[in-house]
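Asks: Coordinates only, no sequence provided:
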């Protein structure tokens, strides 16, 4: 059977997976270095390619020599002005915050969202080009991680429809770069990557085959973006269209047959293939909030997470009326604001450390619950991510969302790539853990949620 090499390039690491007949033969993870400050966030293209090369060379020869197809998942919203420095500005780069806020007030804003399916936010390459174009030559190429990697492997700066549809520059209905958006930015189509279908196969460069010990007949499949592939992997294995991942950040996603857009709510809607789109809403604040809490309230991070079940058992729902707004990292959905801030609300002398920890977890999940309501109301959810490795958090999520949650370890972009290529016949994966709703707890959280974010909602509505 053919051997498949999937490579997932995220914002913190490169993951490698060698798969044959639905089984992982080899897997590894290699960290990536990010530079910058609270506003600027970038990686160095040369370093990324070096780490990628080291990761591939670390694969045992016996597997590399059998690889028939290689494909790539890459993080969304990256932008690399293709000069000597090859700085890759990441989704978390907020240099475009002022520029995109001004653009939201223009007549073009609604139509550009409807064309691209990409929320109007500083994360998008559209916003970054809008803000940075005067700093670079007028004819510079605007690429991203996908184009960088595919050019390295094939000699052509290719970008798949899926990754392109998260740039804010792509027409998801016509499957082409949007003439209207490019005209507004005063850039040409030739300055962007060459568009291909996610399953498009291209020959690898001979020197790449020689360097890595691949067959000369090895093919490169363009692949897609990480979030879309994670949603597809879950859907393919479980049959459930709705999924939630809470890693460092969080996202609720829905696999759909057609594009679903709402300018007021600014859900994302990205192309996957000719059959499916993936729509959803992301939050900046997921596991990073728990990591912050572990640093502030735990002597040791491992002890902090191990003690969470006891802390939740010792405290009451609502944390004695203490609220926590989890917007320590700005926020995308539902606010799409970089200026928003978080913290404790209604903190008094009666509150103890354990109440504060409970309120942090509740605030995080109550915020995610609004995304669930937006994207997948009244649906069962496949859940995944490091957050849910603590089972009690899965139970709490089900009670707050009012949805049965199935812990699914299959939500990995590399599996999404494999399923796109091979379309294997698989039995629907049975969840390793199922978290069902405690109706009494859900009713309490419903009452709490009505006014939990009331003040901040009103404040932002006035702006």
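Replies: All right, it came through fine. All of these numbers come straight from a predicted model, not from anything done at the bench.

Asks: ok, residue 457 - how many residues close by?
Replies: The number of residues packed near residue 457 is 12, by other Cβ atoms under 10 Å. The C-beta positions use only the backbone N, C-alpha and C, and glycine is treated the same way.

Asks: Would you confirm that it belongs to a strand?
Replies: No: the assignment for residue 457, made by DSSP: H, G, I helix; E, B strand; the rest coil, is helix rather than a strand.

Asks: Report the separation between it and residue 376.
Replies: Residue 457 sits 21 Å away from residue 376, going by Cβ to Cβ, to the nearest Å.

Asks: Then residue 109?
Replies: Taken as Cβ to Cβ, the span from residue 109 to residue 376 is 26 Å.

Asks: quick one: which of these two has more around it?
Replies: Set residue 109 next to residue 376 and count neighbours by other Cβ under 10 Å: residue 376 wins out with 23 against 15.

Asks: And the pLDDT for that one?
Replies: If you check residue 376, the pLDDT there is 95.

Asks: what does the one 4 residues further on give?
Replies: Listed pLDDT for residue 380 reads 95.

Asks: Also the one 5 residues further on?
Replies: Note for residue 385: predicted pLDDT of 87.

Asks: mean confidence score for stretch 435-443?
Replies: 97.

Asks: State the distance from residue 366 to residue 325.
Replies: 10 Å.

Asks: Return every residue with contacts to both of those two.
Replies: With contacts taken as Cβ atoms under 8 Å, 6 or more residues apart in numbering, residue 366 and residue 325 have residue 453 as neighbours in common.

Asks: the helices in the stretch 351-463 of the chain, which residues?
Replies: Listed in chain order, the helices of the stretch 351-463 of the chain (DSSP state H, counting those that start in this stretch) span 353-375, 391-401, 413-422, 439-452, 454-462.

Asks: Could you list the low-pLDDT ranges of this structure?
Replies: 301-302, 410, 463 (pLDDT under 70).

Asks: could you redo the last one with a cut-off of 80?
Replies: Applying pLDDT under 80 to the chain flags the ranges 1, 299-302, 408-411, 427-432, 460-463.

Asks: And it, what are its domain boundaries?
Replies: When the chain is parsed with automatic domain parsing, its domains come out as 3-217, 238-462.

Asks: for those, which one sits closest to residue 225?
Replies: When the domains of the chain are compared for distance to residue 225 using Cβ to Cβ, the nearest one is domain 3-217, at 4.6 Å.

Asks: So for that closest one, first residue to last residue, what's the gap.
Replies: 13 Å (Cα to Cα, to the nearest Å).

Asks: Please apply the same query to stretch 404-424.
Replies: Termini of stretch 404-424 sit 27 Å apart (Cα to Cα).

Asks: Just give me how far it sits from the chain centre.
Replies: Centre-to-centre, stretch 404-424 and its host chain are 15 Å apart (Cα atoms, centre = their mean, to the nearest Å).

Asks: Any buried residues in that stretch, and which?
Replies: 405-422 (16 or more other Cβ atoms under 10 Å).

Asks: now the strands: where do they sit in the stretch 201-350 of the chain?
Replies: 201-203, 219-225, 242-246, 250-256, 268-271, 277-283, 323-325, 343-345 (DSSP state E, counting those that start in this stretch).

Asks: Can you mark which positions in the fourth one are buried?
Replies: Pointing back at strand 250-256 there. For strand 250-256, a neighbour-count test (16+ other Cβ under 10 Å) marks 250, 251, 252, 253, 254, 255 as buried.

Asks: ok, the fourth one touching residue 231?
Replies: Yes: using Cβ atoms under 8 Å, residue 253 is in contact with residue 231, at 3.9 Å.

Asks: between the two, what contacts are shared?
Replies: Each of 243, 278, 280 lies in contact with both residue 253 and residue 231 under the rule Cβ under 8 Å, 6+ apart.

Asks: mind putting these in JSON lines, distance to residue 341 and neighbour count included?
Replies: Formatted as JSON lines, these follow (distance: Cβ to Cβ, whole Å; neighbours: other Cβ atoms under 10 Å):
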{"residue": "243", "distance to residue 341": "29", "neighbour count": "30"}
{"residue": "278", "distance to residue 341": "30", "neighbour count": "29"}
{"residue": "280", "distance to residue 341": "24", "neighbour count": "28"}
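
Asks: quick one on the thing from earlier: tell me which of the helices of the stretch 351-463 of the chain sits most buried.
Replies: Highest mean neighbour count among these (mean count of other Cβ atoms under 10 Å): helix 413-422, with a mean of 25.

Asks: Output the contacting helices and strands for it.
Replies: Secondary-structure packing of helix 413-422 (3 or more Cβ pairs under 8 Å, 6 or more residues apart in numbering; DSSP states H and E): strand 3-9, strand 13-20, strand 67-74, strand 219-225, helix 226-238.

Asks: run the last query once more with 7 Å
Replies: Helices and strands touching helix 413-422, by 3 or more Cβ pairs under 7 Å, 6 or more residues apart in numbering; DSSP states H and E, are strand 3-9, strand 13-20, strand 67-74, helix 226-238.
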